[in-house]
Each structure stands twice: as structure tokens, then as C-alpha cells.
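Trainee: Predicted model, plus sequence, below.
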Amino acid sequence: MKYLSFNGVDMPALGLGTWPLSGEPCRDIVRAALESGWSHIDTAAMYDNEKDVGAGLRASGRARDDYFLTTKVWHDRVDPELMLRSCEDSLDRLGLEQVDLFLIHWPNTHVPLKEQMEGLLEVRARGWARAIGVSNFTAALVREAQDLAGGALSINQVEYHPQLSQKAVRAALDAAGMGLTAYSPIQKGAVRDQQVIRDIAKRHGKSEVQVTLRWLMQQDDVAAIPKTGTPGRLAENAAIFDFELSEDEMDAIFALGSGEGRRVDPDFAPEWDAE
């Protein structure tokens, strides 16, 4: 397993995304993931599944220090007081005293970024999160946020897959000493339709999904959180550390990316970086 290390915290680079799972399917896939060796689970207050994730964590029987848990505060609660309340509520729903990573889910221009960073720093100071970070932040926002946080931010979680390059964000994160967690890393399975990826998969005797996840794992300081609700997919998604893509294969997949491949773009999103 590959790990990302920032600010004294090690995060497994491959994690299980849980949006939009809820109820028994969410609980069961979290339990199955942890029972089968996965050790990183991603959730958020907005997903409305933290109780289910917490139930899955407990059902797995895994010790608390044997898995990594990420959750997030929604963009309408990033005022420091509301953020603290949101984190407390998330901990209550999860049944935990501390999460490993706590993120601002989306930037909010109506609350000064300095205050948002103060809220994150207070969450960490209270021991409610081992590490803090952001999600869906542009390159400019990453630079400003990390400066205001005094270098304390560890991760920016963003949409990232072969058709969305994210070059500007990756450069900003590298300069800021932060890592990138890719959500929607397999484009909801659309990577299976990419002939370039199909050809590479055939050469390696792997699936298009495995090749895509391997492409992400071979990038410095990049993690990925593919979602699946099917226990049988867990083993397939994890079987990506027994082969390696060549430099030419990596470049061929990079060449698929542009700024036009974005799939997640709500009306409250920031003005995205030009690629």
C-alpha cells in the first residue's frame, strides 16, 4: 500500500468513497472494505451517511488506530462557530472521538478565508482531527489557504481522472507541500470507454479501472477514493500494486486530460482553473 505523509500523519493512498451510499448498503460495504484489508474510508456531513459509516466501522471489528477516516463540513457551515458544531455533530454520528482528516467540502466566498482557516485550526487544536485540509479548492485558493493556515493544510480533495488534467491545482499543491485526493477517479466507470486505457489494460492483463487507479497511484502525493457499493469490486480495485505502468503509458493517459472533462460543477463552485 502506498501512503501519503503530511504534517506527521500517514494516509493510505487508496480509500473507499461512500457518496451517495446510505443505510444498510453503506454500512455493509464499509464493513466489507475494512474486513478485506482496506483502511481508508471517506465520508462527509452532506452525504447524510455518517451514522451508517460509523456502524460499518464498528461492525468490522477493526481497531480505531487501524483505519483512516475522512469527513467534511458543508460549505454553508464554514463560519468557525458553525464549523466546530458541524465537526462535533459528525463525530457524534460516526461514534468517534476523532477523525483522521477533516476537510472544508467546498469554498465559500461569503465567509472570509482567514476565518475558515481559523476554524480548521481550532478543530485540530481541540483534537477532533489529526489533520486538516480542503476540497474543491482552485490553485489560487490553495495558495491563499495554505498561507493563512501557516502550512497546516495536508490535502485538497478534487475531481481528478484521465479526462480532467488538474495541472494548475497539482502544481499549487506541490508548491504548498500538500497532497491531492482524487474523487470520481474512474469517471463513474467511463474510463472503460477510453481506447487508450483499453489498450494499456489489455497489455497488462488488467481492467481499465485498475489501470486508471494505478495511473493515479504512480503520481507523487496523489491518493484516490473510488466508490463502489459492490463487495466484489473491492478486491479488483485493490489489485493495483502488482504491476507498473511505463513512462510512455503514463504519458498516454495524461494526454487524455483537459479542462473540459469536469463532471462535478454545481452553481456554487468557484471559477475553475484554466488548463
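Mentor: Okay, I see it.

Trainee: After the longest helix seen in the chain, which helix or strand is next? Please name it.
Mentor: Secondary structure of the chain per DSSP state H: the longest helix is helix 80-94. Next helix or strand after helix 80-94 toward the C-terminus (DSSP states H and E): strand 99-104.

Trainee: what's downstream of that following strand, the next helix or strand?
Mentor: Toward the C-terminus, strand 99-104 is succeeded by helix 113-125 as the next helix or strand (DSSP H and E).

Trainee: That next one: which residues count as buried?
Mentor: Going by neighbour count (16 or more other C-beta atoms under 10 Å), the buried part of helix 113-125 is 113, 116-117, 119-124. Every residue, glycine included, has its C-beta placed from N, CA and C.

Trainee: Closest to Ala55 out of those residues?
Mentor: Ranked by distance to Ala55 (C-beta to C-beta), the buried residues of helix 113-125 are led by Val123 at 23.5 Å.

Trainee: Which residue ranges of the chain form strands?
Mentor: With DSSP state E as the criterion, the chain has strands at 3-6, 9-12, 16-17, 40-42, 68-73, 99-104, 129-135, 153-159, 179-183, 222-224.

Trainee: In CSV: those strands, plus mean pLDDT and distance to Glu244.
Mentor: What follows is the strands of the chain, written out as CSV (pLDDT from 0 to 100; distance: least, C-beta to C-beta, whole Å):
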stretch, mean pLDDT, distance to Glu244
strand 3-6, 96, 18
strand 9-12, 98, 19
strand 16-17, 98, 23
strand 40-42, 98, 22
strand 68-73, 98, 24
strand 99-104, 98, 28
strand 129-135, 98, 28
strand 153-159, 98, 25
strand 179-183, 98, 19
strand 222-224, 98, 15
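
Trainee: could these be laid out in a markdown table, adding mean neighbour count and distance to Gly189?
Mentor: Converted to a markdown table, the strands of the chain look like this (neighbours: other C-beta atoms under 10 Å; distance: least, C-beta to C-beta, whole Å):
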| stretch | mean neighbour count | distance to Gly189 |
| --- | --- | --- |
| strand 3-6 | 16 | 25 |
| strand 9-12 | 18 | 23 |
| strand 16-17 | 24 | 13 |
| strand 40-42 | 25 | 18 |
| strand 68-73 | 26 | 23 |
| strand 99-104 | 25 | 25 |
| strand 129-135 | 24 | 22 |
| strand 153-159 | 26 | 15 |
| strand 179-183 | 24 | 14 |
| strand 222-224 | 25 | 14 |
